[in-house]
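model the following, please.
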Amino acid sequence: MGITSVQAGTAKNGYDKQKVVYHVNNIHTATGALRNVKNHLNALGDENAEIIVVTHSSGAFAMVDGSMGQKDPKTGEVYNFNDTIASLANRGVKFAICANTIRGKKIDQNKINQHAEVIPSGVAHVAHLQQKGYLYVKP
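Numbering: from 1, shown residues only. Predicted structure coming up:
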């Protein structure tokens with residue numbers, strides 16, 4: 001006997017609706033992290049996921065306009081953070097960048113991606129979101 005109806009609160013593919021914080025603190029894992037976010041949305045459906053990407057340390061550089069990531073091993077193209085962030089933001093993903101990192105790494109505030117909210121502390125924000133029921137993902 002198969003299941004023919006979807007229970008209330010159940011998202012696409014049988015997953016429940018989810019609130020998730022992605023913790024990105026390394027520029028070398030940022031490309032994969034944003035790919036994970038896209039795949040996460042594809043699995044649940046945009047309306048069933050509330051995702052916040054919190055960046056600090058070198059991961060914050062993904063939120064700087066003009067930053068480029070690693071080369072795609074299949075195509076050889078360099079990963080463009082701006083395009084990916086804009087696409088994910090259009091799907092409802094929120095982005096945050098740590099003010100401590102901005103000061104410490106002397107990031108030009110005029111170059112911070114328009115989709116990124118400046119927050120006082122990346123790690124404190126991650127903990128705050130966990131207290132509010134967000135599931136923690138560290139790619």
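
helix or strand: which one has the residue nearest to the spatial centre of the chain?
The centre of the chain sits closest to Val53, judged by C-alpha atoms, centre = their mean, with a distance of 3.1 Å. Assigned by DSSP states H and E, Val53 falls within strand 49-55.

so what's the gap between that strand and the chain middle?
Chain-centre distance of strand 49-55: 5 Å, with C-alpha atoms, centre = their mean, to the nearest Å.

shouldn't His40 be in contact with Ile51?
Yes: taking C-beta atoms under 8 Å as the definition, His40 is a contact partner of Ile51 at 6.6 Å. Quick note: C-beta positions are derived from backbone N, CA and C, even for glycine.

name the residues contacting each of these two.
In terms of C-beta atoms under 8 Å, 6 or more residues apart in numbering, His40 and Ile51 are both contacted by the residues Val20.

who has more neighbours, these two?
Using other C-beta atoms under 10 Å, the more surrounded residue of His40 and Ile51 is Ile51, with 24 against 18.

got the contact list for Arg81?
Residue 81: Phe, not Arg. The contact partners of Phe81, taken as C-beta under 8 Å, 6+ apart, are Ala30, Thr31, Leu34, Ala62, Met63, Val64, Ser67, Met68, Gly69, Asn113.

quick one: which of those residues sit in helices?
Judged by DSSP state H, helices contain the following of these: Ala30, Thr31, Leu34.

of all the residues you listed, which comes closest to Gln109?
Distances from Gln109 to the ones in helices among the contacts of Phe81, taken as C-beta to C-beta, are shortest for Ala30 (19.3 Å).

how far away is the closest one from Ile51?
Applying C-beta to C-beta, to the nearest Å, the value for Ala30 to Ile51 is 15 Å.

sounds good, over and out.
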